[in-house]
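Colleague: Quick one: sequence and predicted model below, then my questions.
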Amino acid sequence: MFLPEIKMKEDIVRLVKELGFLPYFQGEIPGFSIEENTRVMWGGAEDGGSPWEWKGPIIRDAHCAYGKFYRGRAMYISSDWFLDFANYRRDGYDYDARVDDGLARHQDERLMEVLTERGSLLSRELKSLSCLSEESRKRYDQSLTFLQMQGYITTEDFVYETDRLGRPYGWGLARYATPEHFFGGSFTSQVYEREPEESRERLTAHLTKLLPQATSTQIKRLVG
């Protein structure tokens, strides 16, 4: 399965809803990324004419997860498939249970504590509030990526700075949230309904059917 050419924001929204998974950057599975199927990848907030500037609207319109879910690289995941994805990646643990069982990394705990308490925060706000030492500041990006890979953090939106005339500029600041906050009660009540192994099997079967050009090893790496 190869993707059609992406020309507008609505193309990506449709693909996320239809496929369930859509990596942003080119990876090891041929043809399976936005980057490989669009002519213009980068733009500015002034024109809003590229996938880079559509990220916030896509998250809102598709009501999907977006984050560094695929081997530390960005990917969209539909709300339906994110239930299985998060359940498997979390191994069935909510974060408090992971802490209680001694399975959480100490460097990540403060970040999750702050984000859970506040609901959602811009990246710079989250860093300021959670990084209490110089060492934790150095590890912030690593912790943020790790927690996204585990399914505990998603991107809620992208926010732009504005000039004195109210016009947006720059590349956009990520606003992070827990999936429980972003998706609400439907996610919270359903995410652990299945055993993690059942979620893994469902993910593997779906992606194998979706991506016949991928090897079993590539599918395994995508599932995580």
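Modeller: Received the coordinates, thanks. Numbering: from 1, shown residues only.

Colleague: longest helix of this structure?
Modeller: Secondary structure assigned by DSSP state H gives helix 196-210 as the longest helix of the chain.

Colleague: what's that one packed up against?
Modeller: The contact analysis (3 or more C-beta pairs under 8 Å, 6 or more residues apart in numbering; DSSP states H and E) places helix 196-210 against helix 79-90, helix 216-223. For the C-beta atoms, the positions are set from N, CA and C on the backbone; glycine is no exception.

Colleague: Go through these and name the closest to residue 34.
Modeller: helix 216-223 (15.3 Å; C-beta to C-beta).

Colleague: if I pick residue 113, what's in contact with it?
Modeller: By C-beta atoms under 8 Å, 6 or more residues apart in numbering, residue 113 lies in contact with residue 130.

Colleague: residues in contact with the residue most central in space within the chain?
Modeller: With distances taken as C-alpha atoms, centre = their mean, the chain has residue 67 as the residue nearest its mean C-alpha position (2.2 Å). Applying C-beta under 8 Å, 6+ apart, we find residue 67 in contact with 74-75, 148, 153-155.

Colleague: pLDDT value on residue 169, please?
Modeller: Note on residue 169: pLDDT of 68.

Colleague: Kindly confirm my reading that residue 92 is in a strand.
Modeller: No: under DSSP: H, G, I helix; E, B strand; the rest coil, residue 92 falls outside any strand and is assigned coil.

Colleague: Helices of the chain, residue ranges please.
Modeller: Going by DSSP H, the chain shows helices at 9-19, 51-62, 79-90, 95-100, 106-118, 123-130, 134-138, 140-149, 179-183, 185-190, 196-210, 216-223.

Colleague: Specify the beta-bridge partners of the residue lying closest to residue 170 once chain neighbours are set aside.
Modeller: Spatially, and ignoring its direct neighbours in sequence, residue 170 is nearest to residue 161 (5.2 Å; C-beta to C-beta, 6 or more residues apart in numbering). Going by DSSP bridges, residue 161 is paired in beta bridges with residue 169.

Colleague: ok, residue 161 touching residue 124?
Modeller: No: Residue 161 lies out of contact with residue 124 (C-beta atoms under 8 Å); the separation is 11.2 Å.

Colleague: Overlap of the contact sets of those two?
Modeller: residue 173.

Colleague: Could you report the neighbour count for residue 147?
Modeller: 23 (other C-beta atoms under 10 Å).
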